[in-house]
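>>> Below are the sequence and a predicted model; questions follow.
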Amino acid sequence: MKIDLLIPGLPAKADHFLFGICSLVLIRTAGRKILFDTGPFRVRPTLIKALQQFDLTPADIDTIFLTHLHWDHVENLDLFPNAEVLTPRAEFEYAAAPRPNDWGTPPYVREMLRDMRLTLLPEIEQEIFPGITTLLLPGHSVGLQGLVIDTASERVVLASDALWSARDATRAVPDVAFFDPAKAQTSLDRALAAGDVFYPGHDRPFRFKDGKVHYLTQYRYEWSFAFQPLGQSFGVGISTMQTMSTGQRP
Amino acid sequence: MTTSPLITLLFSGLPVSADSFLPGVSTVALVRAESRLIMFDTGPYAYRPILQGRLRKLNIDVGEIDTVVLSHVHWDSAANADLFPNATVLLHDRELAYAEATGEHDDETAGYIGRSLRRLRLRPIVGEPELCPGVQIIELPGHTPGSIGLKIGDALLAGDAVSCAYAAATGDIHCTLPTTSLARQSLKKALDLAPVIYPGHDRPFRVGPPVTYLDDYSVRIRFFTDPTGPDEEIRIGSFSPKSFASWPSD
C-alpha cells in the first residue's frame, strides 16, 4: 500500500474568486492506481505534473474515488477516460437536481460524469479494496464519503471536506458545514475518531495528538502580478516554511 | 429616446500568473442596452457565489439576464453560463463545434463543456450581427477557433483575443493552439477597432499609444498556516501592493 500526496489542500480564501485547491492523493494497492478526488480545473497542469513524478499519465489511473460532487473535486474528471469512478449514490442522485441555493454542486455535474464507468457507493461502510474502507461523512454535502486506510503502522483518514482544514480538528467544529450542519458535526467527530493521520479537504495532512496538530508537509505558492502594461511584475508568496519561522503562534 | 449602452465590470480580469495553479482571473461584464441585460462571459466556476452576490448588489436577478455572450469556451470563461435561466447563450458556431468535438482540445478546454452547454438555450453565431443598436458581435478567432468580442459604442469587450495590456503594448500573444498568426491578426483587428479595450485578463485600458489603464484593482487573500492562529491577509492593489511576504521580481 502506497499513499502519496499529489497536491496539498490550501486553506485560502480570496475576495475575487474561490481557490478550491483540495487535497489530491494517489493510492497504489492491489494492482490499482487510485486517485482520491480530481480537484478544480486550476490545478490541472499541476496534477498532470504530479502524476509524472510517479511515472504515471492520467491514462494510467484506473480508479477515481470521488468523495462528493462539488465543483472543486470534479473539474478534472475528463482527464481520466480509462478510470472507474467510485462515488456515493446519494451524491449522484442528488446532483440530478441540486438545491437552488447550493452553488457548490454544478447543475451540469452529471454531464461531466456521462460516458464514465460509474460505480455508485451505497450508504454503508465497506471495504472497497483490501485495507481501504469507506467512511460515511455527510453534512458538508448530501452524501460525502471518505476513506480509512489501514497501513501496517497506522490508520490514515482521507476525510475530504468533512474535515475542511486542521482548524476543524483544533476547534472541534466544522468550518464549512455546507449542506447540513448537524450531520457535519457528527461526521467531523467520526472522522477524527477514525485514525491517526488525517488528510483534510483543504489543508495539509497532519497527525493529531493530544489536541495538537502536527503537519506532515509544507507548501509554497508564488504569484506574479502585473501592474503596468510594460512594468515589472510584483511577486507575492505564501510559504508555510516562512510563516512558521517567524513564529506567529499565540 | 435611446440611451447609450452601459458596461459594468462584475469582475476585472487580472494579469496574474502563479507557479503551481492557473489563476484564471478573467473579466466578466454586464451590459445594459435599452431594455436588454447582457452578460459578457461568466468566468470560472470559482466565481460562482461571488458573481451571484455582485448581481444581487446591483439589484439584478439572474432571471432578468436575457442574453449571455461567451467569448470562448475555456474553463475560466464559460463555467457559469447555466446560471441564467431565461437567457439565450450566444457563442460562435465554430466555437460550439469545437466545444462539442470529441477529439483533443487545447489544455484549457474541458472535455465536458460542450455537453454542459447543450443543456442551455444556445444561439450559434455566424458573422458579426448587431444584438441591438450600438452592440455588435466581433469575430476574433485564433485564441480559440471561434473567439468573439462584443463592441459597445467605442469600447470592445475583447475576451482573450486581447488578454492583457501587455499584449496590446507589445503584440505578444498567448495561444495554445497552432493558430498564432490568426490570433495576431485578431489582436490587431481589436486594437484598430476600438479606442477602449476590456481585455480578458486585465483591467480596461485606452489603446493609445501609450496604453493607459482606466481603472485600479485590489485583491485580498486570506489564509492560515497555523490552525490555532489568526488568518493572515495579503492585499494586492494596483497602487500600493502590500504583503507580509513580497518581493519584486521580473
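Received it, and whenever you're ready, just let me know what you need. All values derive from a computational prediction rather than experimental measurement. Residues are numbered from 1 along each chain as shown, chains lettered A, B, ... in the order given.
>>> ok, residue 121 - how many residues close by?
Picked chain A for this. The tally of other residues near A:Leu121 (other Cβ atoms under 10 Å in any protein chain shown) stands at 21. To be clear about C-beta, it is placed using only N, CA and C from the backbone, and glycine gets the same treatment.
>>> was after chain B, sorry
Counted with other Cβ under 10 Å, B:Arg121 comes out at 11.
>>> State the phi and psi torsions of it.
phi -80, psi 100 (degrees, to the nearest 10).
>>> leaving aside the residues next to it on the chain, what's closest to it?
Once flanking residues are discounted, B:Arg121 sits nearest to B:Thr88: 5.2 Å by Cβ to Cβ, 6 or more residues apart in numbering or on different chains.
>>> From B:Val16, how far out is that neighbour?
32 Å (Cβ to Cβ, to the nearest Å).
>>> if I look at the residue nearest to A:His70 when sequence neighbours are not counted, how far off is B:Ile173?
Excluding its sequence neighbours, the residue lying closest to A:His70 (Cβ to Cβ, 6+ apart) is A:Gly104, at 4.3 Å. Here the criterion is Cβ to Cβ. By it, A:Gly104 lies 35 Å from B:Ile173.
>>> where do the helices sit along chain A?
A:44-52, A:71-74, A:89-94, A:109-113, A:166-171, A:181-193, A:240-245 (DSSP state H).
>>> Is the longest helix along chain B positioned near chain A?
In chain B, assigned by DSSP H, the helix with the most residues is helix B:180-193. No. With Cβ under 8 Å from any Cβ of the partner chain as the criterion, chain A is not reached by helix B:180-193; the gap is at least 12.6 Å.
>>> CA atoms only: put that helix into PDB for me.
What follows is helix B:180-193, C-alpha atoms only, in PDB (Å, rounded to 0.1, in the frame of the first residue of the first chain):
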ATOM      1  CA  THR B 180      -0.900  32.100 -33.600                       C
ATOM      2  CA  SER B 181      -0.900  34.100 -36.800                       C
ATOM      3  CA  LEU B 182      -4.700  34.200 -36.800                       C
ATOM      4  CA  ALA B 183      -4.600  35.300 -33.100                       C
ATOM      5  CA  ARG B 184      -2.100  38.000 -34.100                       C
ATOM      6  CA  GLN B 185      -4.500  39.300 -36.800                       C
ATOM      7  CA  SER B 186      -7.400  39.300 -34.400                       C
ATOM      8  CA  LEU B 187      -5.300  41.200 -31.800                       C
ATOM      9  CA  LYS B 188      -4.600  43.900 -34.500                       C
ATOM     10  CA  LYS B 189      -8.200  43.900 -35.600                       C
ATOM     11  CA  ALA B 190      -9.400  44.500 -32.000                       C
ATOM     12  CA  LEU B 191      -6.900  47.300 -31.300                       C
ATOM     13  CA  ASP B 192      -7.800  49.000 -34.700                       C
ATOM     14  CA  LEU B 193     -11.500  48.700 -34.000                       C
END
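>>> so what does that helix touch, helix or strand wise?
strand B:135-139, strand B:155-159, helix B:165-170 (3 or more Cβ pairs under 8 Å, 6 or more residues apart in numbering or on different chains; DSSP states H and E).
>>> now the helices: where do they sit in chain B?
Counting by DSSP H, the helices of chain B are B:48-57, B:93-100, B:113-118, B:165-170, B:180-193.
>>> Quickly compare those and say which is most buried.
helix B:165-170 (a mean of 22; mean count of other Cβ atoms under 10 Å in any protein chain shown).
>>> just to revisit the earlier point, select, out of the helices and strands packed on helix B:180-193, the one closest to chain A.
Across these, chain A has its closest neighbour in helix B:165-170 (3.8 Å, Cβ to the nearest Cβ).
>>> For residue 223, give the beta-bridge partners.
If you meant another chain, say so; for now it's chain A. A:Val236, B:Ala18 (DSSP bridges).
>>> ah, I was thinking of chain B
Beta-bridge partners, per DSSP bridges, of B:Phe223: A:Ala12, B:Glu232.
>>> more crowded one of B:Thr88 and B:Val16?
The residue with more neighbours, out of B:Thr88 and B:Val16, is B:Val16; 22 against 14, by other Cβ under 10 Å.
>>> check contacts around B:Ala167.
B:173-174, B:187, B:199 (Cβ atoms under 8 Å, 6 or more residues apart in numbering or on different chains).
>>> Check A:His214 too.
A:206-208.
>>> switch the cut-off to 7 Å
A:206-207 (Cβ atoms under 7 Å, 6 or more residues apart in numbering or on different chains).
>>> any idea how far A:Asp196 is from it?
In terms of Cβ to Cβ, A:His214 sits 11 Å off from A:Asp196.
>>> Next: A:Gly235.
38 Å.
>>> which stretches of chain A have low pLDDT?
When residues are selected by pLDDT under 70, those of chain A lie in A:242-250.
>>> Could you rerun that using 90?
A:13, A:15, A:30, A:115, A:152, A:175-178, A:210, A:218-250 (pLDDT under 90).
>>> which residue lies farthest from the center of chain A?
Taking Cα atoms, centre = their mean, the residue of chain A most remote from its mean C-alpha position is A:Leu230, at 38.7 Å.
>>> so what's the nearest residue to it once chain neighbours are set aside up against?
Nearest non-adjacent residue to A:Leu230, counting by Cβ to Cβ, 6+ apart: B:Ala169, 5.4 Å away. For B:Ala169, the contact set (Cβ under 7 Å, 6+ apart) comprises A:229-230, B:211.
>>> so how far is B:Ala190 from B:Ala169?
B:Ala169 is 13 Å from B:Ala190, by Cβ to Cβ.
>>> Excluding chain neighbours, what is closest to the residue most central in space within chain B?
Residue closest to the average C-alpha location in chain B (Cα atoms, centre = their mean): B:Thr27, at 3.5 Å. Leaving aside its sequence neighbours, B:Thr27 sits nearest to B:Gly13 (Cβ to Cβ, 6+ apart; 3.6 Å).
>>> right, and that neighbour touches B:Ser26 too?
Yes. If you go by Cβ atoms under 7 Å, B:Gly13 and B:Ser26 touch, sitting 5.0 Å apart.
>>> Please enumerate the shared neighbours of the two.
B:200-201.
>>> got the contact list for the closest residue to B:Leu140 other than its chain neighbours?
Nearest non-adjacent residue to B:Leu140, counting by Cβ to Cβ, 6+ apart: B:Ala161, 3.5 Å away. B:Ala161 makes contact with B:140, B:142-143, B:147, B:149, B:186-187, B:190, according to Cβ under 7 Å, 6+ apart.
>>> Make a markdown table out of the helices and strands packed on helix B:180-193 and add distance to A:Lys13 and mean pLDDT.
Shown next, in a markdown table, are the helices and strands packed on helix B:180-193 (distance: least, Cβ to Cβ, whole Å; pLDDT from 0 to 100):
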| stretch | distance to A:Lys13 | mean pLDDT |
| --- | --- | --- |
| strand B:135-139 | 36 | 98 |
| strand B:155-159 | 27 | 98 |
| helix B:165-170 | 28 | 92 |
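>>> Need those in CSV (columns: distance to B:His92).
Shown next, in CSV, are those (distance: least, Cβ to Cβ, whole Å):
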stretch, distance to B:His92
strand B:135-139, 7
strand B:155-159, 11
helix B:165-170, 21
